[in-house]
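J.: predicted model and sequence follow; I will ask about them next.
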Amino acid sequence: MPTQSPLRVGLVGLGDIGVNHHLPAVLRHPGIALVAVADTSGERRTAAASLLADTSVQILERAEQLLDLELDAVILATPPWVTPGLAAHALRAGLYVLAEKPVATDSDGRASLEELSPELLRRYQLGLTYRHDAAIHRLRELFREGRFGPGPCLVRASIYDEARRPDEPEHADRIAAALGHGAPHVHEGAHVFDWLSFILGRGATVSDVWSLKTDASFAAPNLVGARLSYGTDVTAMVEYGWLTDAQPASEITFLTDTAFARLELESFDLVFSDRNSTTTFHQHASKMRRCFDAQLDSFVELATGVIAEPSIGLAAGLATLDLADAITSRINAQSGVN
Ligand SMILES: NC(=O)c1ccc[n+]([C@@H]2O[C@H](COP(=O)([O-])OP(=O)(O)OC[C@H]3O[C@@H](n4cnc5c(N)ncnc54)[C@H](O)[C@@H]3O)[C@@H](O)[C@H]2O)c1
């Protein structure tokens, strides 16, 4: 238990991830006092009010109102085309910031963070939530311990999320709006590109790409794939899909001459096999709960000075964005878009 006063925190963005995952994680963290939440949507504020009825948490309309409340930190669960500006504003006001991924979806958003001083950026943690999980760390250790052997490796990442939900038009509108700011590899890719470079210990170059729009009205392809090279000996086939009625399973596999591993993405259960044995790495708590809790632990350590640098900072987010941009450029070149 912390010996100092709880961290005074505000949460901006009471949408899907804000209310369902950040809010519960904040409320159960012993080192945090949630002071206020904010959302520009009256509907979202009303829904949050019923969740917070037994608390003294203030419910505000504008993120800027949080700055009058002597907070230590804010969590930004806003759309990624809004988040960079809010993050820069809060950092300049002296707060610690935990900001949802992707780091930005356009050059202005990116620039608003890149222009900040290293001192300010030391208070910025990017919400690449699942990198905190033990399964990702276990995979990295398996590579570092040489358990996959010395030879080439084939990685296959199949990331299918956000299936169309016929009974939830709000969901379809939200995901279609996200497509207006980049295909799924920009949004989901933030996580997957980050895991792969963390696990493999290096960055990637793009060998080739494909893309499909299953609905001509979409602003960007909803199915995207790429072949990536992580150095000369690791080839990764990555594919992402949104907004179809049914979807393939989501998983990442690693295959070499002597070993095979499968990370199932719903649970993050990890199975590793070589000629000697098959080992299953299963964690008891739900993936979302343990990852949001671990992410918040790390943020509290940053904001209370236990660690001097964010566990996941701007550089990691920019690396995923660079790779996503390289894929987008190839897709645009193939489809004749400038
Ligand atoms: N870490 C994860 O696992 C994960 C999962 C899903 C989404 N996300 C990310 O979380 C972010 C939010 O996604 P979501 O699905 O919750 O979206 P959402 O649209 O459901 O929620 C966003 C909320 O932000 C509010 N908002 C927008 N602009 C605002 C402003 N200027 N001030 C205050 N509130 C504002 C909206 O009214 C909305 O309620 C995105 O960046 C998304 O990529 C992360």
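T.: Cool, the structure landed.
J.: can you check the pLDDT for Asp173?
T.: If you check Asp173, the pLDDT there is 88.
J.: wait, I meant Arg110
T.: pLDDT at Arg110 comes out at 96.
J.: name the SS class of it, please.
T.: When classified by DSSP: H, G, I helix; E, B strand; the rest coil, Arg110 comes out as helix.
J.: what sits against it?
T.: Pro84, Val103, Ala104, Leu318, Leu321 (C-beta atoms under 8 Å, 6 or more residues apart in numbering). (Each C-beta comes from the backbone N, C-alpha and C, glycine too.)
J.: roughly how far does it sit from Pro150?
T.: 38 Å (C-beta to C-beta, to the nearest Å).
J.: how about Leu200?
T.: Taking C-beta to C-beta as the criterion, Leu200 is separated from Pro150 by 14 Å.
J.: neighbour count winner among these two?
T.: Leu200 (20 against 9; other C-beta atoms under 10 Å).
J.: what's the spacing between stretch 227-239 and its chain's center?
T.: Mean-position distance between stretch 227-239 and its chain equals 21 Å (C-alpha atoms, centre = their mean, to the nearest Å).
J.: can you pull the buried residues of that stretch?
T.: For stretch 227-239, a neighbour-count test (16 or more other C-beta atoms under 10 Å) marks Leu228, Tyr230, Val234, Thr235, Ala236, Val238, Glu239 as buried.
J.: which element is the fourth one on?
T.: Right, Thr235. Using DSSP states H and E, Thr235 sits within strand 234-241.
J.: so for that strand, mean pLDDT?
T.: The average pLDDT within strand 234-241 is 98.
J.: can you give me the helices for the protein?
T.: Assigned by DSSP state H, the chain shows helices spanning 16-17, 23-28, 42-51, 83-92, 107-114, 118-121, 134-144, 169-179, 184-187, 189-200, 287-303, 314-334.
J.: below-threshold pLDDT in this protein: ranges please.
T.: 1-3, 338 (pLDDT under 70).
J.: which residue of it lies farthest from its centroid?
T.: Asn276 (35.2 Å; C-alpha atoms, centre = their mean).
J.: can you tell me how far that residue is from Arg140?
T.: Distance from Asn276 to Arg140, counting by C-beta to C-beta: 21 Å.
J.: swap in Thr55?
T.: Relative to Arg140, and taking C-beta to C-beta, Thr55 is found at 39 Å.
J.: show me which of the two is the more surrounded one.
T.: Arg140 (16 against 11).
J.: name all residues that make contact with the closest residue to the more buried one other than its chain neighbours.
T.: Once flanking residues are discounted, Arg140 sits nearest to Ile199: 4.7 Å by C-beta to C-beta, 6 or more residues apart in numbering. Counting by C-beta under 8 Å, 6+ apart, Ile199 makes contact with Ile136, Leu139, Arg140, Phe143.
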